[in-house]
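Engineer: can you look at this prediction? I've put the sequence above it.
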Amino acid sequence: MNKTLLIFDIDGTLLLSGGCGKTALEDAFEEMFGIPSCWGDTVPDGKTDPAIIDAICQKTLNRSLNSEESTRLCERYHHYFRARIKDSKSYRLMPGVPELLEFLSQRKEFLLALGTGNFEEAGWMKLERGNIHHHFKCGGFASDASKRPDILKTAIRRSEKLAGQPFSKENIYVIGDTLHDVRAARQLDLKSIVVTTGNTPKEDFREAPPDYLLKDLRDRAAFLACLSGMSQRIPF
């Protein structure tokens, strides 16, 4: 049986952590460099954690971090993130996510993986808070690569090793909420399903239209229609 690989983004697609990443990074940055509120006007949507950190460092330190500083900042970031995600009052799963993941993970024809700009440790912590981590066995993370196409390649490689078989491109779907997800999927000639539960308005996807667009993940039939090719392409 040919399996279908579903690669899910995390933030804005599966859940919102309530700003835990921002505050944890600010805590770590102030501890290391004595600079409070380093985040400023940084827009994180669709960016990888290393890209966000580098943008902040360029604005506040006028330079990138060396490898020793990067390792230390990452360690301190996860230290603070662990406490922040546990106590976050604004954490929430996106509509329909628990039900859809439960359904998909019980079907032998699907394999669920992650393709996220989060560092791996933080990514798993976000999923564990919502008790949806067990639906995913592997993935690609910002700890593996700094660019989204390379993150997706890592997710595919690990998924194929886990499944013991290769996946054809027509059976791989990238599920996300930003233009970055769509562009990365396009670069690898993969199909994309976008949900508008993040901060990107539907109209913005005219710039880089996904294969399919859903309001959220509550409508299981609509999601499965995308996978079967029965859903119509997006009319922009």
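Structural biologist: On my side now, so go ahead.
Engineer: make it CA atoms for all contacts and neighbour counts henceforth
Structural biologist: OK.
Engineer: now residue 71: which helix or strand?
Structural biologist: When elements are assigned from DSSP states H and E, residue 71 belongs to helix 67-87.
Engineer: now the element after that helix, going C-ward?
Structural biologist: Assigned by DSSP H and E, the successor of helix 67-87 is strand 92-93.
Engineer: pairing partners for that next one, with directions?
Structural biologist: Using DSSP bridges, the strands paired with strand 92-93 are strand 15-16 (antiparallel).
Engineer: tally of neighbours for residue 104?
Structural biologist: Residue 104 has 17 neighbours, counted by other CA atoms under 10 Å.
Engineer: not counting its neighbours along the chain, what's nearest it?
Structural biologist: residue 110 (6.4 Å; CA to CA, 6 or more residues apart in numbering).
Engineer: the one you found and residue 227: what is the separation?
Structural biologist: 10 Å (CA to CA, to the nearest Å).
Engineer: next: residue 120.
Structural biologist: Distance from residue 120 to residue 227, by CA to CA: 27 Å.
Engineer: just checking, the residue nearest to residue 104 touches residue 4?
Structural biologist: Yes - under the criterion of CA atoms under 8 Å, residue 110 makes contact with residue 4 at 4.9 Å.
Engineer: domain ranges for the protein, per the record?
Structural biologist: Domain ranges of the chain: 4-17+92-228, 20-87, per automatic domain parsing.
Engineer: pick the most buried one from the ones you listed.
Structural biologist: domain 4-17+92-228 (a mean of 19; mean count of other CA atoms under 10 Å).
Engineer: start and end of that domain, how far apart?
Structural biologist: Terminal-residue distance, domain 4-17+92-228 (CA to CA): 10 Å.
Engineer: in the protein, which spans are helices?
Structural biologist: For the chain, applying DSSP state H gives helices covering 20-33, 49-60, 67-87, 97-105, 120-129, 148-163, 179-187, 220-228.
Engineer: now the third one - C-alpha only, CSV.
Structural biologist: The C-alpha coordinates for helix 67-87 follow below in CSV (Å, rounded to 0.1, in the frame of the first residue of the first chain):
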residue,chain,number,x,y,z
SER,A,67,28.8,29.0,17.7
GLU,A,68,29.5,29.0,21.4
GLU,A,69,27.0,31.9,22.0
SER,A,70,24.4,30.1,19.8
THR,A,71,24.7,26.9,21.8
ARG,A,72,24.4,28.8,25.1
LEU,A,73,21.5,30.9,24.0
CYS,A,74,19.6,27.9,22.7
GLU,A,75,20.2,26.1,26.0
ARG,A,76,19.0,29.1,28.1
TYR,A,77,16.0,29.6,25.7
HIS,A,78,14.8,26.0,26.3
HIS,A,79,15.3,26.4,30.0
TYR,A,80,13.0,29.4,30.1
PHE,A,81,10.6,28.0,27.5
ARG,A,82,10.0,24.9,29.6
ALA,A,83,8.6,27.0,32.4
ARG,A,84,6.7,29.4,30.1
ILE,A,85,4.9,26.7,28.1
LYS,A,86,3.8,24.9,31.3
ASP,A,87,2.2,28.1,32.7
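Engineer: alright, that wraps it up for me.
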